[in-house]
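# Need coordinates for the below:
(chains A and B)
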Amino acid sequence: MADNGMEPKIVAFLCNWCTFTAADLAGTSRLKYEPNVRIIKVMCSSRVDPVFILKALLDGADGVLIGGCAPGDCHYSKGNFYARRKVALAKKLAESMGLDSKRIRLSWIPASEGPLFARVVNEFTESIKQLGDNPTKREVYI
Amino acid sequence: MQTLFDSRMTMADFIAALFDKLEVAGVAAITKLPSGEKTAYTLLADKDDIEDCVPYFPAMPANAARAVSKLTREAPPSKQVAVFLRPCELRALTELVKIKQALLDNLFIISFDCAGVFPFQEISLSDEAKLKAYRDAVADGKNCEGIRPVCNACTRFVPEGADIAISFIGRGLDEPLALSFPSEKGKEAAKILGLDSSDNVETSPALETLAEARKKAEGELTKKIEETLAGTDGLISVFDKCISCHACSYACPICYCKNCYFDSQTFEYFPESYFARMGEKGALRLPVDRVLFHLGRLSHMSLSCVACGMCEDVCPVNIPVAQIFKTAGTRAQALFDYIPGKNPDEPLPLLTYAETELEEFED
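Numbering: from 1, shown residues only, chains lettered A, B, ... in the order given. Reported below is the predicted structural model:
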């Protein structure tokens, strides 16, 4: 673990059916994971407009995690395929507009995979620690 | 490449033929205003007004796709209307059809290879020196000094999907019109106009020359914008002058929403929220969400951005909005291998998907 004393703030948009349930399972299974994610539940990962991601980054979030059902397992059958396109767009726009696309992560975490959720959060927190503070955090004139 | 015909008609003859032979009920094109200085996009129903019609005048008072959208959004016109559109305006119209903001029924679309336009504030009918330079540049297939930066770097200046396309570049604006007829409707029109293979003419090599110059300029523009936008500091400094007037979105042909998300209640906050956002910064520039507006607008329309340049034309504080949107838009479009306005049957990238794709964006 990079110990730079940084406690990243990560906004996590999790789909109701898979990844949020996985987060719930991680909790009820008493799994320990980094306390840096602030979870926002959405009914489907495709509800996440690229604007939500970019707004979080501009307002000083150090990372944005989008979690959805595995491809083929979407509760609404194809929402996560649209989500993937939207996240790809958000990443590409971030990259073009001077934001760091490595601060955005899309992960498919099925409902039964509490340990996977804990692992993804730990990994992402660690990689954000490596990146350091999001420069927008200190920016007054944004 | 479409077969080109020498029509032996001037622009006035051609417009007269639209009324007389093709029996259109109206013609929409750039016309001279009575002041003798400025131009406007106008719908004409009377053949007697055609002398004021200057479809190729190098100004874009508004993206004409917006006007055509207004004309056709509720219902198609009951009679044929001929509309002159620059290639970028035609692409914008195709995108507007995809988002159900325009109908193509009973429209007769006329476009032309476009040498670009000047910023609207900087060109008048009486600017003889500029217009002469422009005419020369068209005849020689060169980029004209003083046209908008995005026009200068536009590589899609030959129309796609028009019923009739006029070729000016390499021939000049005052020569008899060289026409091609890409669509079925256009081919019918060619017969009515009495053009056949005996009227064929060669495509000008100047189109190639200009395409190369444009490609080079596009590379330079992209490089300049990428350098400007490097890192968060670049992003903030480029939009430092933005006064949040949102004029860019009002002039944008793609931004059709009657109630823009960014003007909505979503972005009205209680005072506490401002202090929360301030956090440890101790200060906060107002109004908030200024840079977000541009990034948000990019999320909503960049995939359909045709780089027409209207946003930059209307920006009161001279932010290179169109150059930024063209650069970011092109990169976003490349992600989905999508060229806005090219193919009316191709779905918008966010309304379709493939089951196996973009796996490099998953972790």
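# Could you list which residues are in contact with residue 75?
Unless you meant another one, I'm taking chain A. Taking CB atoms under 8 Å, 6 or more residues apart in numbering or on different chains, we find residue A:75 in contact with A:15, A:16, A:17, A:18, A:44, A:69. Where C-beta positions appear, they are placed from N, C-alpha and C, glycine not excepted.
# let's do chain B instead
Residue B:75 neighbours (CB under 8 Å, 6+ apart): residue B:103.
# By proximity to chain A, which residue of the stretch 101-250 of chain B wins?
Across the stretch 101-250 of chain B, the shortest distance to chain A (CB to the nearest CB) belongs to residue B:235, at 3.6 Å.
# so that residue, which of the three states?
Following DSSP: H, G, I helix; E, B strand; the rest coil, residue B:235 is assigned to helix.
# Which parts of the stretch 201-350 of chain B are strands?
Assigned by DSSP state E, counting those that start in this stretch, the stretch 201-350 of chain B shows no strands.
# and the gap between the residue of the stretch 101-250 of chain B closest to chain A and residue A:142?
9 Å (CB to CB, to the nearest Å).
# Apart from its chain neighbours, what residue comes closest to the residue of the stretch 101-250 of chain B closest to chain A?
Computed as CB to CB, 6 or more residues apart in numbering or on different chains, the closest residue to residue B:235 that is not its neighbour in sequence is residue A:98, at 3.6 Å.
# so what's the one you found up against?
Going by CB under 8 Å, 6+ apart, residue A:98 touches B:229, B:230, B:231, B:232, B:233, B:234, B:235.
# ok, how many other residues are close to the closest residue to residue A:134 other than its chain neighbours?
Spatial nearest neighbour of residue A:134, chain neighbours left out: residue A:62 (4.7 Å); criterion: CB to CB, 6+ apart. Other residues lying near residue A:62 total 25 when counted by other CB atoms under 10 Å in any protein chain shown.
# Just the terminal-to-terminal distance for stretch B:263-270.
16 Å (CA to CA, to the nearest Å).
# and if you look at stretch A:14-31?
Termini of stretch A:14-31 sit 18 Å apart (CA to CA).
# Looking at neighbours, which among the contacts of residue A:98 is most surrounded?
residue B:235 leads the contacts of residue A:98 on contacts (other CB under 10 Å) with 26 neighbours.
# on that earlier part again, export the contacts of residue A:75 as JSON lines, with columns for neighbour count and distance to chain B.
JSON lines is the format used below for these (neighbours: other CB atoms under 10 Å in any protein chain shown; distance: CB to the nearest CB, whole Å):
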{"residue": "A:15", "neighbour count": "30", "distance to chain B": "14"}
{"residue": "A:16", "neighbour count": "16", "distance to chain B": "20"}
{"residue": "A:17", "neighbour count": "20", "distance to chain B": "18"}
{"residue": "A:18", "neighbour count": "26", "distance to chain B": "14"}
{"residue": "A:44", "neighbour count": "20", "distance to chain B": "14"}
{"residue": "A:69", "neighbour count": "26", "distance to chain B": "12"}
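# max-length helix in chain B?
helix B:206-228 (DSSP state H).
# Restrict it to CA atoms and write it as CSV.
This file holds the C-alpha atoms of helix B:206-228, laid out as CSV (Å, rounded to 0.1, in the frame of the first residue of the first chain):
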residue,chain,number,x,y,z
ALA,B,206,-8.4,21.5,-56.9
LEU,B,207,-10.7,19.5,-54.6
GLU,B,208,-7.8,17.1,-53.8
THR,B,209,-5.4,20.0,-53.3
LEU,B,210,-7.8,21.7,-50.9
ALA,B,211,-8.4,18.4,-49.1
GLU,B,212,-4.7,18.1,-48.4
ALA,B,213,-4.4,21.6,-47.2
ARG,B,214,-7.4,21.1,-44.9
LYS,B,215,-6.0,17.8,-43.5
LYS,B,216,-2.7,19.6,-42.7
ALA,B,217,-4.6,22.5,-41.0
GLU,B,218,-6.7,20.0,-39.1
GLY,B,219,-3.6,18.3,-37.7
GLU,B,220,-2.2,21.7,-36.6
LEU,B,221,-5.5,22.7,-35.0
THR,B,222,-5.7,19.4,-33.1
LYS,B,223,-2.2,19.8,-31.9
LYS,B,224,-2.8,23.3,-30.7
ILE,B,225,-5.9,22.4,-28.8
GLU,B,226,-4.3,19.4,-27.2
GLU,B,227,-1.5,21.6,-25.9
THR,B,228,-4.0,24.2,-24.7
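# Distance from the chain centre to that helix, please.
Distance of helix B:206-228 from the chain centroid (CA atoms, centre = their mean, to the nearest Å) equals 17 Å.
# Can you list the helices and strands that it packs against?
helix B:149-152, helix B:231-238, helix B:321-335 (3 or more CB pairs under 8 Å, 6 or more residues apart in numbering or on different chains; DSSP states H and E).
# one more time with 6 Å
Applying 3 or more CB pairs under 6 Å, 6 or more residues apart in numbering or on different chains; DSSP states H and E, one finds that helix B:206-228 contacts helix B:321-335.
# what's the helix it packs on in contact with?
Helix B:321-335 is contacted by residues A:88-89, A:92, A:96, B:149-150, B:221-222, B:225, B:248, B:298, B:302-303, B:305, B:307, B:309, B:311-312, B:315 when judged by CB atoms under 6 Å, 6 or more residues apart in numbering or on different chains.
# ok and it relative to helix B:231-238, angle-wise?
140 degrees (axes from the mean of the first three to the mean of the last three CA atoms, to 10 degrees).
# quick one: buried residues of helix B:321-335?
Within helix B:321-335, the residues that qualify as buried are B:321-333, B:335, counting by 16 or more other CB atoms under 10 Å in any protein chain shown.
# Could you provide the contacts of residue A:75 in JSON lines, with additional columns for distance to residue B:254?
Output for the contacts of residue A:75, formatted as JSON lines (distance: CB to CB, whole Å):
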{"residue": "A:15", "distance to residue B:254": "29"}
{"residue": "A:16", "distance to residue B:254": "32"}
{"residue": "A:17", "distance to residue B:254": "33"}
{"residue": "A:18", "distance to residue B:254": "34"}
{"residue": "A:44", "distance to residue B:254": "26"}
{"residue": "A:69", "distance to residue B:254": "32"}
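# Turn these into TSV, columns for distance to residue B:136, secondary structure and pLDDT.
Compiled in TSV, these are given as follows (distance: CB to CB, whole Å; DSSP: H, G, I helix; E, B strand; the rest coil; pLDDT from 0 to 100):
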residue	distance to residue B:136	secondary structure	pLDDT
A:15	60	strand	97
A:16	64	coil	97
A:17	65	coil	97
A:18	64	coil	97
A:44	57	coil	98
A:69	61	coil	96
